[in-house]
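S.K.: Have a look at this fold, sequence not included:
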């Protein structure tokens, strides 16, 4: 196990991204290569879960595209990730909000952290 950790520490460069958690709405900018051209594509949605630790950490984002829910899993250390913006901080009571998949319409709203009472 120490050999794997050594190789990860030595050869994989760690990127600096803002802190976020489940319930936050974020925008992820990724670099897409099409032939010999590259372009930037963004994916904006709600964080469903964070999984793993260190360099193997991944996060899942869910957005609604019309009536269809779309989820993407991003490794935090993916070379194509350019930047992550935190748009809203949500207040949820769980670390993995899988129940969010079943909610539609107004029930699918997450309370904003800045508007909650203390």
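M.R.: Received the coordinates, thanks. A quick note: this is a predicted structure, and the numbers were derived from the prediction, not measured.
S.K.: can you pull the contacts of residue 59?
M.R.: 20, 47, 49, 50, 51, 73, 74, 76 (Cβ atoms under 8 Å, 6 or more residues apart in numbering). To be clear about C-beta, it is placed using only N, CA and C from the backbone, and glycine gets the same treatment.
S.K.: And the fifth one, its phi and psi?
M.R.: So the one you mean is residue 51. In terms of degrees, to the nearest 10, the main-chain angles of residue 51 are phi -140, psi 140.
S.K.: how many other residues sit next to the closest residue to it other than its chain neighbours?
M.R.: In this structure, residue 51 finds its nearest non-sequential neighbour in residue 58, 5.1 Å apart by Cβ to Cβ, 6 or more residues apart in numbering. Neighbour count for residue 58, taken as other Cβ atoms under 10 Å: 14.
S.K.: Does residue 58 touch residue 47 like I think?
M.R.: No - applying Cβ atoms under 8 Å, one finds residue 58 not in contact with residue 47, separated by 11.1 Å.
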